[in-house]
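# no sequence on this one, just coordinates:
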């Protein structure tokens, strides 16, 4: 993953964009320039100042974009990972384990699917230092998140869902939104869970074979529909203001 010699660089930024869009349709030239500004890629420059990217540069950009999309890593964590790779270190997490940030699964329409509700199904839990490292969240923000009920550790351990929530809070904080502004999301979520339970509990109480599996599947499907409804209601309201 180390940077190539200048003579190996031959691709223009437009050509790089075309290659990246095969996997990342939403990527833009401004995004590539931003990643360069943040020090995640360093393309060579012609005497006239035009960027020239090597194949290694393109590989590096793929690496960065995948980590943002699939693992929700902040750029400062990705930069450290790249630095480690440049120094020849093995691509493992700092704790030596296989720490994974859960992925939000989207359907063909770009909306959350039932698979998104599988976070935590494997029973993986994290200690506070692991959560802080994986999400790039600081101690103060995590304290606020717990104070306002957005993150709820159990006996000092955090679940996969807490990991995703914490990562989202980091992104929202960049817009000036603090956990105290987001308590209504927790209230709304708890109410939605109550509605799901009203439908699922009678299924769960049945004694026939497969009742538990049907209850779990129904819970995921109802939750996904709730996410879709919430997304569309917000999108519709925002469109009405244009």
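On my side now, so go ahead. Since the structure is predicted, the reported quantities are computational estimates derived from the model, not experimental observations.
# max-length helix in the chain?
helix 211-239 (DSSP state H).
# elements contacting it?
If you count contacts as 3 or more C-beta pairs under 8 Å, 6 or more residues apart in numbering; DSSP states H and E, helix 211-239 packs onto helix 183-204. For glycine as for every other residue, the C-beta is placed from the backbone atoms N, C-alpha and C.
# by contact count, what packs against the helix it packs on?
helix 211-239.
# could you chop this structure up by domain?
The chain breaks down by the TED database into domains covering 13-87, 114-240.
# export these to TSV and tack on mean neighbour count and mean pLDDT?
Shown next, in TSV, are the domains of the chain (neighbours: other C-beta atoms under 10 Å; pLDDT from 0 to 100):
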stretch	mean neighbour count	mean pLDDT
domain 13-87	15	87
domain 114-240	15	84
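# how about the helices in this structure?
13-20, 29-37, 55-71, 75-86, 128-135, 139-147, 160-173, 183-204, 211-239.
# those: which one's closest to residue 43?
Evaluated with C-beta to C-beta, the helices of the chain place helix 55-71 nearest to residue 43, the distance being 5.5 Å.
# okay, the angle between the closest one and helix 160-173?
Orientation of helix 55-71 against helix 160-173 (axes from the mean of the first three to the mean of the last three C-alpha atoms, to 10 degrees) gives an angle of 110 degrees.
# need the contact list for the residue nearest to residue 131 when sequence neighbours are not counted.
Spatial nearest neighbour of residue 131, chain neighbours left out: residue 158 (4.9 Å); criterion: C-beta to C-beta, 6 or more residues apart in numbering. The contact partners of residue 158, taken as C-beta atoms under 8 Å, 6 or more residues apart in numbering, are 125, 126, 127, 128, 130, 131, 151, 166.
# if we use 10 Å, what do you get?
120, 124-128, 130-132, 134-135, 142, 146, 151-152, 165-166 (C-beta atoms under 10 Å, 6 or more residues apart in numbering).
# and it, how far from residue 134?
In this view, residue 158 and residue 134 are 10 Å apart by C-beta to C-beta, to the nearest Å.
# find the residues that touch each one of the two.
Going by C-beta under 10 Å, 6+ apart, residues that sit against residue 158 and also against residue 134 are 126, 166.
# any idea how far stretch 210-228 is from the chain center?
On the basis of C-alpha atoms, centre = their mean, to the nearest Å, stretch 210-228 sits 23 Å off its chain's mean C-alpha point.
# no, scratch that, I was asking about stretch 165-177
11 Å.
# what lies in contact with that stretch?
The contact list for stretch 165-177 (C-beta under 10 Å, 6+ apart) reads 71-74, 101-102, 104, 119, 126, 131-132, 134-138, 141-142, 144-146, 150-152, 158-159, 178-179, 181-182, 185-186.
# go with 7 Å
72, 74, 101, 131, 135-137, 141-142, 145, 150-151, 179, 182 (C-beta atoms under 7 Å, 6 or more residues apart in numbering).
# what is the nearest of these to residue 223?
When these are compared for distance to residue 223 (C-beta to C-beta), residue 150 comes out closest, at 17.4 Å.
# just confirm that closest one contacts residue 184, I think it does.
No: the pair residue 150 / residue 184 is not scored as a contact, 10.8 Å apart, by C-beta atoms under 7 Å.
# before we move on, the earlier item: for the helices of the chain, which one sits closest to residue 48?
Once the helices of the chain are compared by C-beta to C-beta, helix 13-20 is nearest, at 13.6 Å.
# OK, contacts around the nearest residue to residue 60 once chain neighbours are set aside?
For residue 60, ignoring the flanking residues on the chain, the nearest one in space by C-beta to C-beta, 6+ apart is residue 41 at 5.2 Å. Residue 41 sits next to 35, 57, 60, 61 when contact means C-beta under 7 Å, 6+ apart.
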